[in-house]
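Colleague: sequence below, structure please.
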Amino acid sequence: MFAPIPRRFALFALLALSMAATRFSHGSAPWLPPDASWAVFFLGGFYLTRQWRWALGILLIEAVGVDCLAIQHYGISNYCVTLAYWFIVPAYSALWLGGAWLRRHYQQVPLDLVRLLASLTVSVTICFLLTQASFYWLGGRVEHPSFAGWWFNVTRWYGRFLAVSCAYVALAVLLHVAFTQRSHANAALQSQ
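Modeller: I've put the predicted structure just below:
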């Protein structure tokens, strides 16, 4: 007989599979789901706070591995792979820390939704600024970088990255509530 998989490992596997399944898209086809990576790192920080020593590193390696696979074997452009690419490490870590902060302040009360929105918005903003600014200023892809050009890119892309992250986290919240209610109902039945 197989021993049950600990919940944390199951959550990690779900997050890793979600990233692997969506990271290939990078806007290549409109019918593919958007990249869930940013939400995965935020949710990893929330659900795997104590496992950060291995979980964060493995997810970072997975992100780089999927990108390499997509570029080498699936014809995805390497346009974004520059010296600035490595800024994903502090950027994704900021998402992880946002989720971890939320976990530390999580009390299972309605105010948690405000904390969720605040921590998600702040961590996505930091992640976006780190990745976008490093790409714009250090990536070597912009011939004549200027503050106006950088700001134009921020206003063009920020909303989409925030919306996609919020959508995936909202789905996770719905699943979290459903599983929490089911667990409470099962516990109530067993106590009778």
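
Colleague: and the gap between the spatially most central residue of the chain and Gln108?
Modeller: Central residue of the chain (CA atoms, centre = their mean): Trp38, 2.1 Å from the mean position. Look at Trp38 and Gln108: by CB to CB, to the nearest Å, they are 25 Å apart. Where you see a C-beta, it was placed from the backbone N, CA and C, and this is true even at glycine.

Colleague: ok, now Leu32?
Modeller: For Leu32, the distance to Gln108 (CB to CB) stands at 35 Å.

Colleague: so which of those two has more stuff around it?
Modeller: Set Leu32 next to Gln108 and count neighbours by other CB atoms under 10 Å: Leu32 wins out with 13 against 7.

Colleague: for the more buried one, helix, strand, or coil?
Modeller: Three-state assignment for Leu32 (DSSP: H, G, I helix; E, B strand; the rest coil): coil.

Colleague: thinking it is in contact with Ala70, fair?
Modeller: No - taking contacts as CB atoms under 8 Å, Leu32 lies outside contact range of Ala70: 11.7 Å.

Colleague: need the residues touching each of these two.
Modeller: With contacts taken as CB atoms under 8 Å, 6 or more residues apart in numbering, Leu32 and Ala70 have Phe24 as neighbours in common.

Colleague: so what touches the helix or strand hosting Leu43?
Modeller: Assigned by DSSP states H and E, Leu43 falls within helix 37-47. With contacts defined as CB under 8 Å, 6+ apart, helix 37-47 is touched by 8, 11-12, 15-16, 18-19, 22-23, 52, 55-56, 59, 63, 92-93, 95-103, 106, 120, 123-124, 127, 161, 164-165, 167-169, 172.
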